[in-house]
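Q: Here is the input, now give the coordinates:
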Amino acid sequence: GFFPVSNDLRRNSRRPKKPPQQVEHQEEVNMKNTVILGALTIAGLSAGAAAAGTLDDVKARGKLNCGVTTGLVGFAAPNANGEWEGFDVAVCRAVAAAALGDSTAVEFVPTTGKTRFTALASGEIDMLARNTTWTFSRDVDLKFEFTGVNYYDGQGFMVPKELGVSSAKELDGATVCIQTGTTTELNLADFFRSNNISYEPVPIETNAEAQQQYLAGACDVYTTDASGLAATRATFDAPNDHVLLPEIISKEPLGPLVRHGDNEWGDVVRWTLNALITAEELGVTSANLAEMAAGTNNPEINRLLGTEGTLGEMLGLSADWGKNAVAAGGNYGEVFAKNIGEDTPIGLARGLNAQWTEGGLLYSPPFR
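A: Numbers count the residues shown, from 1 in each chain. Predicted coordinates:
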């Protein structure tokens, strides 16, 4: 069960107080980084040769190998028929549509927080679209190229209502389910340290495991990106028995990534995401796509959809690559609404992920 959190009871909690986690935690992280970097060095040798030709490899293979999560409803999970769907899956499908003209020509490769980077570095996958945070060290030290942000997020905390907690700062001595190999793990240590409170981590590998452990009472708190908490809670039998605490303790710009040095391929992934964002800004939707693709009096729409200019040729793709990308699952707003929006069980508002014209952060560079 869950312990009631009040100052008196907390001090006498059945759990012995643990010293702050940071020292042991940092060693773990250093060790993990060494392991990851070792794998990346080996991978770099094999991937480096192929890097320049990832687009050629994808075309020759006739399908895109896209790394996704092991299962997070709304973002990436197989449906009842075994077909992958979700907000991140839609990015993979749009890239396949842009590069190959076929949004179904995708091999989805499930990866965990720990395995995702090795899978990308080794060339096992062509790109990663797995609610992955763009950070300095992942960009610079692990040698990946983030191609944009498809969801601006931040880390939050979920607790059972019966715990009686209204703030993350009241979680002194709590056990916390946390996915290993993630920014979540590092942010948690920072947050508890800066607030001079302690916690006991319950390390887990996948979202499914976290959900099972949390519901079984193996941890008092589940922490991950707020979108992931909302997605997880939506699958509970009694979602209203659980609350998301008000604190958002980090910036988590999530987006697709490719290998360093893979610039031509990076451009394809980057501009495919930009095409979905720009289509929404310019009012191009699944419903009017065919009509718009016949030509409009807006030159940027024409360049986006390939009836004017040579943008496709510059990317090494067909003229209608942008049209194909939007046809895969609709524009950014449609993808959001269908998978994670307010009319879905996950129920996320656009918030920071609204267009810049609507007070959000979505702002694609121009198609010209």
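Q: Residue nearest the middle of this protein, spatially speaking?
A: Central residue of the chain (CA atoms, centre = their mean): residue 131, 1.0 Å from the mean position.
Q: so what pLDDT did the nearest residue to it once chain neighbours are set aside get?
A: Nearest residue to residue 131, sequence neighbours excluded (CB to CB, 6 or more residues apart in numbering): residue 254, at 4.9 Å. Backbone N, C-alpha and C define where each C-beta goes, glycine included. Note for residue 254: predicted pLDDT of 98.
Q: can you check residue 257 too?
A: Looking at residue 257, its pLDDT stands at 98.
Q: for residue 99, same thing?
A: As predicted, residue 99 sits at a pLDDT of 98.
Q: can you map out the strands along the protein?
A: Remark: strands assigned in the chain by DSSP state E are 64-69, 77-78, 84-85, 106-111, 127-128, 144-146, 151-153, 155-160, 174-179, 199-204, 221-225, 242-244, 252-254, 257-259.
Q: Could you dump the ones you listed into a markdown table with distance to residue 361 and mean neighbour count added?
A: Listed next are the strands of the chain as a markdown table, based on distance: least, CB to CB, whole Å; neighbours: other CB atoms under 10 Å:
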| stretch | distance to residue 361 | mean neighbour count |
| --- | --- | --- |
| strand 64-69 | 23 | 26 |
| strand 77-78 | 26 | 18 |
| strand 84-85 | 25 | 20 |
| strand 106-111 | 26 | 19 |
| strand 127-128 | 21 | 27 |
| strand 144-146 | 15 | 21 |
| strand 151-153 | 5 | 21 |
| strand 155-160 | 17 | 24 |
| strand 174-179 | 25 | 23 |
| strand 199-204 | 30 | 19 |
| strand 221-225 | 16 | 27 |
| strand 242-244 | 21 | 17 |
| strand 252-254 | 9 | 22 |
| strand 257-259 | 18 | 26 |
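Q: out of the ones you listed, nearest to residue 330?
A: strand 84-85 (12.9 Å; CB to CB).
Q: What average pLDDT does that closest one get?
A: On average, strand 84-85 scores 98.
Q: Quick check: residue 114 vs residue 210, distance?
A: To residue 210, residue 114 is 14 Å away according to CB to CB, to the nearest Å.
Q: go on, residue 156?
A: From residue 156 across to residue 210, the span is 14 Å (CB to CB).
Q: Pull up the overlap in contacts between those two.
A: Taking CB atoms under 8 Å, 6 or more residues apart in numbering as the criterion, residue 156 and residue 210 both touch residue 224.
Q: thinking again about what came up before, dump the residue contacts of the residue nearest to residue 131.
A: When contacts are counted by CB under 8 Å, 6+ apart, residue 254 is found next to 131, 132, 133, 134, 149, 150, 151, 152, 153, 225, 227.
Q: Isn't the fifth one up against residue 131?
A: Just to be clear, that refers to residue 149. No: the pair residue 149 / residue 131 is not scored as a contact, 11.3 Å apart, by CB atoms under 8 Å.
Q: Local confidence estimate at residue 56?
A: With respect to pLDDT, residue 56 scores 97.
Q: shift numbering so it begins at 8
A: In the new count, where the first residue is 8, that last one comes out as residue 63.
Q: That one: neighbouring residues, count only.
A: Residues near residue 63, counting by other CB atoms under 10 Å, number 13.
Q: Same check on residue 199?
A: Residues near residue 199, counting by other CB under 10 Å, number 23.
Q: And for residue 309?
A: Residues within reach of residue 309, counting by other CB under 10 Å, total 17.
Q: ok so, going back, just send the strands of the chain back as CSV, with distance to residue 312 too.
A: Compiled in CSV, the strands of the chain are given as follows (distance: least, CB to CB, whole Å):
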stretch, distance to residue 312
strand 71-76, 21
strand 84-85, 31
strand 91-92, 25
strand 113-118, 22
strand 134-135, 23
strand 151-153, 26
strand 158-160, 25
strand 162-167, 38
strand 181-186, 40
strand 206-211, 44
strand 228-232, 33
strand 249-251, 40
strand 259-261, 27
strand 264-266, 25
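Q: Quick one: end-to-end distance for stretch 184-196.
A: The first residue of stretch 184-196 is 13 Å away from its last residue (CA to CA, to the nearest Å).
Q: same question for it, mean pLDDT?
A: Stretch 184-196 carries an average pLDDT of 94.
Q: what's it in contact with?
A: Residues outside stretch 184-196 that contact it (CB under 8 Å, 6+ apart): 28-29, 32-33, 36, 39, 119-121, 140, 142, 162, 183, 206, 208-214, 217, 220-221, 225-226, 228-232, 256-257, 259.
Q: next one: stretch 300-310
A: Contact with stretch 300-310 is made by 285, 289, 291, 299, 312-316, 318, 327, 330, 373-375, as judged by CB under 8 Å, 6+ apart.
Q: Would you mind checking those for buried ones?
A: Buried members of the contacts of stretch 300-310, counted by 16 or more other CB atoms under 10 Å: 285, 289, 291, 299, 312-316, 318, 327, 330, 374.
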